[in-house]
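1. Mind folding the following:
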Amino acid sequence: TESRLEKQFERTLAMLLGFQSVRLAMMIDEAKAVDRSRATLALPPAMSLRSQLIPDQSALADLVMEPISHRVPEDCYYVRCGSAENYLWLRQFLTGWGGSLDNVVATPVLDVDLRTRLESQLGIVATELADGGIDDYLSDLAVIGTDVFFAEGAGIGVLFEAKPGRQRELVELVDQHRESQRKNVNAKKWNQTVLTHSVSMMRTPGNRMRSFRVQLGRYCLVTNSLSLVTQVIKTQRPNQSLASLAEFRYARAKHPPSKSAGITFYLSDPFFRRLISPAYRVELGRRRAAIQACRRLEFAAQVARAFGERADSTSSLVSQSYLPKGFGIQADGSAVDLHNGKAVDSIRGHAGYFAPTSDIKTSSINAAEQEALWQFRRRYRQEWPVVDPVHISVSASTKETGLQRVGVNVHITPYARSEYGFLSQYLAAARHLHAHVEQNELMGFSTALRRGSQSFQAHFGLIDAEVPFRIDQGMLVREGAFQHQDF
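-> Below you'll find the predicted structure:
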């Protein structure tokens, strides 16, 4: 069993990476039965939470920010990659370790199938864009998004910054790839005006392709979220972008971006507030209920077909008693039905390709959803009363041995001192010296610890070691220096 110290350490590590707050924001009681009664109650106002005070804003007004951050909405997560090559490296790194942002903060893993679904939905495949030489036209690149509910269908966008004078070539290259993907799935194509800007739209029924592209000067956004298109366009107005957010400017002043930083992540106060807003909480419950209904519908159809009976719609399956009366109808009036043998939610689309939560309008709730909101708020306030913005930078260097060393720097800027009491009890003052392992280390981190008036260096890590062993009567027995060690 884990000790109290181990549990506190794991919780603190999750807080440092910003994942503790996201986990809490995404928690939902899966065991409760879904109440499908009609939503007639007004959506309550957003939960009141304290934000961290910015210690000193005097030097922030004249701070020069990276230009691409001026086109990022303040309530989106921000992953600045700089180039398609860096993005592919990050994707390979996460896949190689068997995880992802979604794997850390939620249950599903951002596996190859899920990544393929997201790319096919956007109509741009990263490897193909990189092979097509897109970095020749880019001066910066960022992945932005409105939520991290990847398994159901997340709101995500790729923001390209073109080199001066190369924006037309960049947009043409992006549209060539989108058009190729559109033809493969026979998606509908049209242009639509959003806030005086022409938006290229490509979409299939059920959202297997849901790709919107807008150009703003040197910037080109490709996203599956129409609301994100609107938000990015609005960043041209004063005080609408991440770059204008005081907490982000403070973080940049304390930790300026450098060429060696490689890839940077930023999770803002408004992003966390978006995740815990009433509309998002209610929609999260409804879309998970919709996924369950889609799976049950497809299973019922398979059973009906096995018995040689009609299985082309929800109504036919209900009439034959394979499903109960009123099946699949939710509080917002949406329903699930079959389209070419696949279950589709009338508002959200195909399971796994759901329209982003930010594109679903939620204005009313039922009594059960209202009670779930109050319960969530009480628990969230108890465990996380203050929002902490998080800044993470990832860099990599190749050693003479050919191995790659990856560095991760995490900054809570500003941070809630009350939430990090565990760290203050054990951490010593920061030093330039640190302990490390030179050979065969797979992953590790160093810190300065204290006990009373004494301080010492500590290093935690995983080392690749060859362990001699033999098989004795079907049992693996370690030998040599590892003979009496436990693993």
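2. Please make it C-alpha for all contacts and neighbour counts, starting now.
-> Will do.
3. Look at the residue nearest to the spatial centre of the chain and give its secondary structure.
-> With distances taken as C-alpha atoms, centre = their mean, residue 148 lies nearest the centre of the chain, 3.3 Å away. Three-state assignment for residue 148 (DSSP: H, G, I helix; E, B strand; the rest coil): coil.
4. Could you find the closest non-adjacent residue to it?
-> Using C-alpha to C-alpha, 6 or more residues apart in numbering and skipping the chain neighbours, the partner closest in space to residue 148 is residue 154 (5.9 Å).
5. again with residue 83
-> residue 141 (5.3 Å).
6. Enumerate every residue touching the one you found.
-> Going by C-alpha atoms under 8 Å, 6 or more residues apart in numbering, residue 141 touches 68, 80, 81, 82, 83, 84, 158, 159, 160, 161.
7. switch to 10 Å and redo it
-> 68, 79-84, 86-87, 135, 158-162, 219-220 (C-alpha atoms under 10 Å, 6 or more residues apart in numbering).
8. just residue 427 next, same as before
-> Residue 427 sits next to 447, 448, 449, 450, 451, 455, 456, 457 when contact means C-alpha under 10 Å, 6+ apart.
9. Now intersect those with the strands, please.
-> The members of the contacts of residue 427 that map onto strands under DSSP state E are 447, 448, 449, 450, 451, 455, 456, 457.
10. So the residue nearest to residue 148 belongs to a strand, correct?
-> No. Assigned with three-state DSSP, residue 154 falls outside any strand and is coil.
11. Which residues are in contact with it?
-> Here residue 154 is in contact with 118, 145-148, 224-225, 352-358 (criterion: C-alpha under 10 Å, 6+ apart).
12. can I get the CA coordinates of stretch 450-464 in PDB?
-> In PDB, the C-alpha atoms belonging to stretch 450-464 read as follows (Å, rounded to 0.1, in the frame of the first residue of the first chain):
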ATOM      1  CA  ARG A 450      16.000  19.400   3.700                       C
ATOM      2  CA  ARG A 451      15.500  17.700   7.000                       C
ATOM      3  CA  GLY A 452      15.600  20.100   9.900                       C
ATOM      4  CA  SER A 453      18.700  22.300   9.500                       C
ATOM      5  CA  GLN A 454      20.400  19.900   7.000                       C
ATOM      6  CA  SER A 455      20.000  19.900   3.300                       C
ATOM      7  CA  PHE A 456      21.100  17.400   0.700                       C
ATOM      8  CA  GLN A 457      20.800  16.600  -3.000                       C
ATOM      9  CA  ALA A 458      18.500  13.800  -4.200                       C
ATOM     10  CA  HIS A 459      18.000  12.200  -7.500                       C
ATOM     11  CA  PHE A 460      15.100   9.900  -8.600                       C
ATOM     12  CA  GLY A 461      15.100   8.000 -11.800                       C
ATOM     13  CA  LEU A 462      14.900   4.900 -13.900                       C
ATOM     14  CA  ILE A 463      18.100   3.200 -15.100                       C
ATOM     15  CA  ASP A 464      18.400   0.700 -17.900                       C
END
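13. Please compute how far it lies from its chain's middle.
-> 32 Å (C-alpha atoms, centre = their mean, to the nearest Å).
14. What average pLDDT does it get?
-> Averaged over stretch 450-464, pLDDT sits at 78.
15. Pull out the buried residues from that stretch.
-> Neighbour counts using 16 or more other C-alpha atoms under 10 Å place 450, 457 of stretch 450-464 among the buried residues.
16. what kind of secondary structure is residue 190 in?
-> Residue 190 is classified as strand under three-state DSSP.
17. In space, what's closest to it - neighbours in sequence excluded?
-> Counting by C-alpha to C-alpha, 6+ apart, the residue nearest residue 190 is residue 201, at 5.3 Å.
18. Give me the pLDDT value at residue 250.
-> 85.
19. what packs against the host helix or strand of it?
-> According to DSSP states H and E, residue 250 maps onto helix 246-254. Where contact means 3 or more C-alpha pairs under 10 Å, 6 or more residues apart in numbering; DSSP states H and E, helix 246-254 is packed against strand 263-267, strand 390-398, strand 404-412.
20. dump the residue contacts of residue 74.
-> Residue 74 neighbours (C-alpha under 10 Å, 6+ apart): 231-232, 235, 239-245, 248, 267-271.
21. let's go with 6 Å and repeat that
-> 241, 242 (C-alpha atoms under 6 Å, 6 or more residues apart in numbering).
22. what's the closest non-adjacent residue to residue 352?
-> residue 152 is the one closest to residue 352 (C-alpha to C-alpha, 6+ apart), at 4.7 Å.
23. what sits up against stretch 281-300?
-> Residues contacting stretch 281-300 (C-alpha under 6 Å, 6+ apart): 328, 343, 351.
24. ditto for stretch 117-126
-> Stretch 117-126 is contacted by residues 177, 178, 181, 208, 209, 210, 211, 224 when judged by C-alpha under 6 Å, 6+ apart.
25. distance between it and the chain's centre?
-> 16 Å.
26. Quick one: mean pLDDT over it.
-> 90.
27. re the thing from before, show me the strands paired with the helix or strand containing the residue nearest to residue 190, marking each as parallel or antiparallel.
-> Element membership of residue 201, judged by DSSP H and E, is strand 197-203. Next to strand 197-203 in the sheet, as set by DSSP bridges, lie strand 188-194 (antiparallel), strand 210-216 (antiparallel).
28. got the buried residues for the last one?
-> Across strand 210-216, burial judged by 16+ other C-alpha under 10 Å covers 210, 211, 212, 213, 214, 215.
29. show me where the stretch 101-250 of the chain has helices.
-> 101-105, 112-122, 126-131, 167-185, 226-234, 246-254 (DSSP state H, counting those that start in this stretch).
30. How many residues are close by residue 323?
-> 18 (other C-alpha atoms under 10 Å).
31. Identify the residues contacting it.
-> Residue 323 touches residue 317, counting by C-alpha under 6 Å, 6+ apart.
32. What score does it have for pLDDT?
-> 95.
33. Then the one 10 residues further on?
-> The pLDDT attached to residue 333 in the predicted structure is 93.
34. Can you classify it by secondary structure?
-> Quick answer, by three-state DSSP: residue 333 is coil.
35. same question, the one 4 residues further on
-> When the structure is split into helix, strand and coil by three-state DSSP, residue 337 lands in strand.
36. How much space separates it from residue 350?
-> Separation of residue 337 from residue 350 (C-alpha to C-alpha, to the nearest Å): 10 Å.
37. Now the common contact residues for these two.
-> The contact lists of residue 337 and residue 350 share residue 344, where a contact means C-alpha under 6 Å, 6+ apart.
38. If anything else comes up later, I'll come back, but that's it for now.
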